[in-house]
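>>> coordinates only, sequence not included:
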């Protein structure tokens, strides 16, 4: 409770709030009506001050939509809206409340609107007939009071006359229309909505309304007919919005922009797959939001929705993480589609395809284009903003076209279709199953080049850290235990000499020497780097499978190094190992989940992976990756015959019959 002070103690350091003065009661005091009115005014002022600390806006309900029936029940009215039950707080701190479950308001009730506007002082000039009104108007609620219930007054003297005066003050909520005066109000129906969104969400120029009006929706009226009602342009949710400052938009404003974009997206123009441009029906985009279903052309993975200069990438995300991604991006600035091309080069967009959490790991393994592939824009960028590779590809296509037209008898056609960054059937399959794509604006993080310290380049021969057992069981990887350096520390080979020793123990040194002989220096280095990866270096079964896989890619190569060397001596240059083949093998075998899958499959037969001979037989089948995939599949998706198949694999692998092992695996795979 505040401390009471006397009049003599009041000095310049005490600030008096003249709005909140209440009567002080004591026995024998003569009370007048003014004293009681002052008491009521004090309570109302204090209540309004407390309400303002919560922030103005809608507390609950008060949703506004166009109505297909008038208040009297007539179908297809010219200008009627529907407001649901709810309550909110005006910027002045007054409570507005609609008790009815659903209220239909006819905006052409001119007499009522004229009276209210005149009473509230909202009309700056004489109101014209509603049938002639055109432009933007804010539909809002305002707290009003009126007196009622006449009561006879007690005569102040013996010869005084009695009179009747209203004895009660009744609080109510009035629906008002306030003109929205801006450049947007002068445009046509579609352009007015787009421009109003720019003014409100990007330029931060909200409609200038009286403090006692709670805005619910922005309406566009043309000659007395309601074209559209957009509630999220002016509607804000109530609540304290404590932000950092520095130009950050209030959270209620960014959320309203998100919901406004959702509503406008439903009215987008029709376009073919991958050809819808956001600029065709919007001026700005929120930093995150849903996307139209035909955003991407699955024929060549192109899009025209975002600016051509923007960096747009595609990614998979578990569907239960979408809300977290949107929450992180909602505070970023809106995307201005009207900027110059040179100002859009720092714009980065991530298009997100949600998948079920249970399917995320399996779907991710089927994709060959990782990390995120880029979605090229159909609209060519200006030459100044083009990447060098894009300019060279375009020049090459023009050269091919001129060369074709120069040859006699050649039929000229259209410019060949641009080469896409990627066309992956696995991505096509995923996107066809996705019902809703989302996008988020990505942050442009600093590179850190100016941080203290000097960066050191890590050479390929640097010693790699020991592998970490991610299974939590402490079990070793399948195969021979990793090499130890005498101190008990396990590590992968750091030099080619250690790599040669490791491969010689597995009987693979001759096969490695042959591959090195038919490779150039960069390819040789890539092969050594691949074999030095911990997932392969510590799993001899994967080493056996890797050599067989690479040899299968080189047609005519046998498992005998001597035969292979004789062959290349007779036909030098015919067999060549390239970087593309090494990269293809790396995508298949550089996955740590292969170890987990093999552990599951060979749980009951661990000795098959401990014997070098059986590992060689399993490697020659070229089915080790398939076995790992079987182990990664859920238990419910595996057939009950897996034990029978593993028994056949064990029997044939120990006797050296690689083809019989291959047939058993292929037969099982066909069944599942």
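It's in. On a predicted model such as this, the values are computed, not experimentally measured, just so you know.

>>> now do the contacts for the closest residue in space to residue 70 that isn't next to it in sequence.
Leaving aside its sequence neighbours, residue 70 sits nearest to residue 77 (CB to CB, 6 or more residues apart in numbering; 3.8 Å). For the C-beta atoms, the positions are set from N, CA and C on the backbone; glycine is no exception. Neighbouring residues of residue 77 by CB atoms under 8 Å, 6 or more residues apart in numbering: 67, 68, 69, 70, 106.

>>> among those, which one sits closest to residue 236?
residue 67 (22.9 Å; CB to CB).

>>> report how many residues lie close to the closest one.
By other CB atoms under 10 Å, 21 other residues sit near residue 67.

>>> residue 134 now?
16.

>>> on that earlier part again, if I look at the residue nearest to residue 70, how far off is residue 65?
Distance, residue 77 to residue 65, by CB to CB, to the nearest Å: 13 Å.

>>> for the top helix by length along the chain, what is the average pLDDT?
Using DSSP state H to define each element, the chain has its longest helix at helix 33-54. Confidence for helix 33-54, expressed as mean pLDDT, is 76.

>>> go ahead and name everything in contact with it.
Under the criterion CB under 8 Å, 6+ apart, residues 19-23, 89, 91-95, 238-240 lie in contact with helix 33-54.

>>> could you redo the last one with a cut-off of 10 Å?
The contact list for helix 33-54 (CB atoms under 10 Å, 6 or more residues apart in numbering) reads 17, 19-25, 29, 31-32, 89-95, 143, 145, 169, 171, 211, 238-240.

>>> buried residues in stretch 661-669?
Using 16 or more other CB atoms under 10 Å as the burial criterion, the residues of stretch 661-669 that qualify are 661, 662, 664, 665, 668.

>>> and the residues you listed, which is closest to residue 617?
For the buried residues of stretch 661-669, the minimum distance to residue 617 (CB to CB) is 6.5 Å, reached by residue 661.

>>> what pLDDT does the model give the closest one?
The confidence metric pLDDT takes the value 81 at residue 661.

>>> again with residue 402
Residue 402 is assigned 56 on the pLDDT scale.

>>> who's in contact with residue 83?
Residues counted as contacts of residue 83 (CB under 10 Å, 6+ apart) are 61-65, 67, 98, 100, 102-105, 139, 141, 175, 216-217, 231.

>>> typed the wrong thing, it's residue 361
318, 355, 593, 632.

>>> do the same with residue 264
By CB under 10 Å, 6+ apart, the residues touching residue 264 are 190, 193, 194, 197, 228, 230, 232, 233, 281, 282.

>>> got the phi and psi for the nearest residue to the fifth one once chain neighbours are set aside?
The one in question is residue 228. Nearest residue to residue 228, sequence neighbours excluded (CB to CB, 6+ apart): residue 220, at 5.3 Å. Dihedral pair for residue 220: phi -110, psi 120, per degrees, to the nearest 10.

>>> you'd agree residue 220 is up against residue 186?
No - using CB atoms under 10 Å, residue 220 makes no contact with residue 186, being 11.7 Å away.

>>> pull out the buried members of the contacts of helix 33-54.
Buried residues within the contacts of helix 33-54, counting neighbours by 16+ other CB under 10 Å: 89, 90, 91, 92, 93, 94, 95, 143, 238.

>>> for the fifth one, which three-state class applies?
Of the three states, residue 93 takes coil according to DSSP: H, G, I helix; E, B strand; the rest coil.

>>> residue 538 versus that one, what's the distance?
According to CB to CB, residue 93 and residue 538 sit 69 Å apart.

>>> between residue 220 and residue 186, who's got more neighbours?
More crowded of residue 220 and residue 186, by other CB under 10 Å: residue 220, with 24 against 13.

>>> which among the contacts of residue 77 end up buried?
Using 16+ other CB under 10 Å as the burial test, these include 67, 70, 106 as buried.

>>> any idea how far residue 105 is from the second one?
In other words, residue 70. Taking CB to CB, one finds residue 70 at 9 Å from residue 105.

>>> likewise the first one?
As defined by CB to CB, residue 67 lies at a distance of 8 Å from residue 105.

>>> mutual contacts of these two, please.
Residues touching both residue 67 and residue 105 (CB under 10 Å, 6+ apart): 79, 80, 81, 82, 83.

>>> related to what we said a few turns ago, in helices, which of the contacts of residue 264 appear?
Per DSSP H, helices hold the following members of these: 190, 193, 194, 197.

>>> and the furthest pair within these?
Between any two of these, the greatest separation by CB to CB is 11.5 Å, found for 190 and 197.
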